[in-house]
Structures are given as C-alpha cells and as structure tokens.
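[1] Just a sequence and a predicted model for now, questions to come.
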Amino acid sequence: MPHKKHDDTFYTLDNSAIFMAAIAGASGPFVFRFYGELDAPIVVPALQDAVDALYPRFPYFFVRLRSGVFWHYLDPVTKPPRVEKELRYPCATMPPGADRPAVRIFAYGRRIAVEFHHVITDGAGAIAFMRALTVEYLRRIGIGTDVKDLILTEAGIKHPREPVESEEAEDGYNKYFRPTATVPDKTGQAFTIPGSRMFIAYRETLGSMEVQQILAVAKSFKVSLTEFLTAAYIDVLQDMYEALPRREQRRAKKIISVQVPVNLRKIYPSKSLRNFFLFVAPHIDVRLGHWTFEEILRRVHHQMQLGLEEKELVRQLKRNVGGERNPFGKIVFLPIKTLVLRIINATIGVGAYSGSLSNVGIVELPEPFSSHVIRYSFIPSRARTTGANVGVLTWQNRLYINIGSMVRNTDFERRFFSKISSFGIDVFIISSHDEGDVNL
C-alpha cells in the first residue's frame, strides 16, 4: 500500500520484494522481461506517448528502489521513463539514477520489450502492464481507436482513462498471513547444470509449438501442461547428472529440484498487481537410482497437487511473512538485515533448487489489437548458480518456451527441446546464438 513520506507517496516492499532487494546482484539481478513482436516496425514516438499515458495509471511500477535506515522502500520517479534502444543482453542489472524506475521499456525493429525488477511485480502484474502498453501503442498508430473503454475493461485491460484501484498495490502476503501455521520442511542442496558460466552474456533460446499438440500429450499422461514440462526439465537434469564422469557424479549434489511459481491470485481473491506468488518444488533423489519419465511424472504430479493445497501454501506464508513481522527484526538496521538474508539465501535459498520453470499462462487481447501481435514471449531472470531458467506462455494457438541461460554450452537447451520433441511434438526453435531458425 502507498504511504506518505515528507508529502510524497512511497510504497513499502511486499514480502517477496524484501528478500529479493537484499540478495539482488550481478549474478542474480531479479530482472525479467516480456516482449511483444508486432506486425510492423515500432514507431518510437507513439510508444513513448503510450508510456507517458500509462505513467499515472501504474504508479506502483514507476518507482525506484531506495534504502532507508531499517527497510528498503519504493520511491516514485518524477517523470515517465524514456523508451530505450535494445540492450546487447536482456535481464541485466537495473542502472541506478534519480529517475530510473524499476521498469524499462525498449524498442527494436518490430519488438516492444519491457523489463521489470522483481521487487515491483511478478508475471501476472507484468502481463497486465504489457497488455495495456500494447493496446495504448496500437491506438496511437491508428489501430482500435473506435474500441470503447468498456470493451477494454471487460477484457481485463487497464487503460489511462480509468482510476487506479487501491487494491492493485496491496501486499497480499500480509493480508492472508496466518500466525498459527507451521513452517515448511527444509530441503537439501540441489544439483545444477554442469559447465562454466558466462559473466555478462545471457542467452535466450525460444521454442514454439502448437499448444493443442503438447496439451494432448500432457492429457495422455493425465497431468497438466506445467507438470509435463516440469517432469521433462527434471528428466533432462537427471540425464545430465548421469552423463557426468564417475568422479564428478560423486561430488555432485543428489537432489534435482525445480522451482515452479504459483500465482496466488488463483487461490486467494486479490487484485494485487505486485508480487503475489509462492513456489512448489517437485524433486527427485538420484541416490534412489534411475527414474523413468513416467516415475518422474507421477512424482511431480502428486508433489504439485500437495504443494498447491491452501494449507500447504499457508506454511510458506508463515515462514516468509513471520520473519518480517518479528519485532526484533523491525529494529535491526538494514545492512545487518541484508547480511542475514544473504546468508539464509546461500544456505537454504538458491542452493536448494536446480532451476525454475514459470508458466504465466495465456496472454489475450481483444480484436483488432490481437491481429497485430505475432507473439509474446517471457524471459525469466538470470541466475548464475542454477545456470538456466525456463519461462512459458501461451499466445493464440502457440506455446512459447523461453530458456534464459548463463551456461557457456547449450547442452541443456538441446536436451530439453529434444525431450519435448521425442513425444511427437513439432518444436520450432528460434535461438539468439544461432543464425536462422531450426526445426526439431
């Protein structure tokens, strides 16, 4: 929620943002990207007009991260950001500056790209902004100017001609916190993709396929799309573990665990456009022997179903929000808090997961806007420890799977898309490190 600070509004960080603000760095800046590929080159002045129009509509996004005595906070910038030229590598650390918000907008060819620091929002909030920006831009180049605002509202699209709803900036974590819940069990350290990491570069590999084709395969196993993809992810990591020389196998961690974000808005009634998600972490233990794909799939399915139970999610809320509400923690100076959170992250945080797979679901626009968007895509945050993370979304009749990787070799991407292709799914690959496209 917004607060007052010397006659200015500021926003406290939600629970997820508190943690990410403390541990963000060059190797894991917590910056993710959504982009839309349109059917014509982007007119930058029109895009800038659209950004300017949306600036007062999304006040909780046009903010910068500041440090106080005891807590970080989000301070609104005084003017809309300028549309920027494309970066060489996506999802880099956000640059500092008095009017450099935690959201950046880029234009390149036919592409509109928006990068978000995770302290301000999650995938659901980012999609809300991306849809609004696409519509406002297209209206400014003469497309859909006769579409009534009521149609946009009914389609769930935010626009500058409506007031800001206070619920959009609420902290859902604190709203649904239960102090009587128990905390979840601790997990062990996880196996990660072998191979050296790139220092600055971040490779994007995008795979596209017919959504009905892959849904039919998932349905044949009686699992959801996300469960099928997560099982494929774990199976590929198991293959990579088993391909290691015997000496490296002995040294490697034995748990393969994939973080799967859960959109809590589907469980709790919330209009928040800030962070409101938790994780389920399906996993296997390779010390038990080789797992067949069917065994992995059954395990992932049941672990996901258990993890999605409301009572199980409340345990995560207890662990996360409980620390924030600790009276002693409130009076500890920010540098000490930051140090403690970084130690916690190093011991039971990033090291507990082999990677992440985030399926943000279906992105939709009403006509005539949707006819001018070729595709949307989502690039997850970079993370040097895990090496690669996977972002998934559906646009029209296509599923887009984007692997963002800091690993120098491309073994994981090749194995992952080949695994999906092995089920008879036609996968079309668009890779940032190759010339042209590839069919699997």
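    Sure, I can see it.

[2] Phi first, then psi, for the nearest residue to P184 once chain neighbours are set aside.
    Distances taken as Cβ to Cβ, 6 or more residues apart in numbering place R315 nearest to P184, at 4.5 Å, with adjacent residues excluded. Bear in mind the C-beta positions are built from the backbone N, C-alpha and C, glycine included. With angles defined as degrees, to the nearest 10, R315 sits at phi -60, psi -40.

[3] Can you tell me how far R315 is from A181?
    Relative to A181, R315 is positioned 5 Å away (Cβ to Cβ, to the nearest Å).

[4] Over to L273?
    According to Cβ to Cβ, L273 stands 26 Å off from A181.

[5] Looking at those two now, which is surrounded by more residues?
    L273 (26 against 18; other Cβ atoms under 10 Å).

[6] Can you classify the more buried one by secondary structure?
    Put simply, L273 is coil when judged by DSSP: H, G, I helix; E, B strand; the rest coil.

[7] thought it was touching A169?
    Yes: using Cβ atoms under 8 Å, L273 is in contact with A169, at 7.4 Å.

[8] Mutual contacts of the two, please.
    Y60 (Cβ atoms under 8 Å, 6 or more residues apart in numbering).

[9] Paired strands for the helix or strand hosting R104, with orientation please.
    Per DSSP states H and E, R104 falls inside strand 103-108. Strand pairing for strand 103-108, determined by DSSP bridges: strand 84-85 (parallel), strand 111-117 (antiparallel).

[10] Any idea how many residues pack against the nearest residue to S358 once chain neighbours are set aside?
    Excluding its sequence neighbours, the residue lying closest to S358 (Cβ to Cβ, 6+ apart) is P261, at 4.9 Å. The local packing of P261 (other Cβ under 10 Å) involves 19 other residues.

[11] So P261 belongs to a helix, correct?
    No: per three-state DSSP, P261 lies outside any helix segment and is strand.

[12] Would you confirm that it contacts N275?
    No: if you go by Cβ under 8 Å, P261 and N275 don't touch, sitting 10.0 Å apart.

[13] so who does T182 touch?
    315, 318.

[14] ok, now I296?
    Applying Cβ under 8 Å, 6+ apart, the residues contacting I296 are 231, 234-235, 238, 284.

[15] for R140, same thing?
    R140 touches 43, 46-47, 49-50, counting by Cβ under 8 Å, 6+ apart.

[16] Okay, now the unreliable bits of the protein?
    Filtered on pLDDT under 70, the chain yields the residue ranges 1-8, 97-98, 322-331, 344-350, 432-440.

[17] run the last query once more with 50
    When residues are selected by pLDDT under 50, those of the chain lie in 4-7, 434-439.

[18] Now do the domain split for it, please.
    The chain breaks down into these domains under automatic domain parsing: 2-175, 203-439.

[19] can you count the residues close to the closest residue in space to R131 that isn't next to it in sequence?
    The shortest distance from R131 to any non-neighbouring residue, by Cβ to Cβ, 6+ apart, is to I157 (5.3 Å). Using other Cβ under 10 Å, I157 has 21 other residues around it.

[20] isn't I120 right next to A102, touching?
    Yes: look at I120 against A102 with Cβ under 8 Å: they come within range, at 4.8 Å.

[21] shared neighbours, these two?
    61, 63, 74.

[22] Most neighbours among the residues you listed, which one is it?
    Neighbour-wise, those (other Cβ under 10 Å) top out at L74, 28 neighbours.

[23] phi, psi of that one?
    Torsion angles, degrees, to the nearest 10, at L74: phi -110, psi 120.

[24] Let me see the contact set for it.
    10-13, 17, 60, 63-66, 102, 119-120.

[25] Can you say which of those residues are buried?
    10-13, 17, 60, 63-65, 102, 119-120 (16 or more other Cβ atoms under 10 Å).

[26] what sits up against stretch 17-27?
    With Cβ under 8 Å, 6+ apart as the test, stretch 17-27 has contacts from 13, 30, 65, 71-72, 74, 93, 117-120, 274-275, 320, 324, 337-338, 341-342, 345, 349, 382-385.

[27] Which of the residues you listed fall within helices?
    Using DSSP state H, the subset of those located in helices is 320, 324, 337-338, 341-342.

[28] Including neighbour count, could the residues you listed go into TSV?
    Output for these, formatted as TSV (neighbours: other Cβ atoms under 10 Å):
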residue	neighbour count
N320	18
E324	18
K337	18
T338	16
L341	18
R342	15
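
[29] in stretch 369-377, what counts as buried?
    Residues of stretch 369-377 classed as buried: 369-370, 372-373, 375-377 (neighbour count, 16+ other Cβ under 10 Å).

[30] again, but for stretch 304-316
    Buried residues in stretch 304-316, counted by 16+ other Cβ under 10 Å: 304, 307, 313-316.

[31] that older thread, are any of the contacts of R140 buried, and which?
    46-47, 49-50.

[32] Make JSON lines out of the residues you listed and add distance to T153 and secondary structure.
    Formatted as JSON lines, those follow (distance: Cβ to Cβ, whole Å; DSSP: H, G, I helix; E, B strand; the rest coil):
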{"residue": "A46", "distance to T153": "23", "secondary structure": "helix"}
{"residue": "L47", "distance to T153": "23", "secondary structure": "helix"}
{"residue": "D49", "distance to T153": "21", "secondary structure": "helix"}
{"residue": "A50", "distance to T153": "18", "secondary structure": "helix"}
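
[33] Pick the one among these closest to F106.
    L47 (9.5 Å; Cβ to Cβ).

[34] returning to that earlier point: nearest to D185, of the domains of the chain?
    Among those, domain 203-439 comes nearest to D185, with 8.9 Å by Cβ to Cβ.

[35] from what I can see Q259 touches N359, true?
    No: Q259 is beyond contact range of N359, at 12.0 Å (criterion: Cβ under 8 Å).

[36] Centre of the chain to stretch 57-70, how far?
    Computed by Cα atoms, centre = their mean, to the nearest Å, the chain-centroid distance of stretch 57-70 equals 19 Å.
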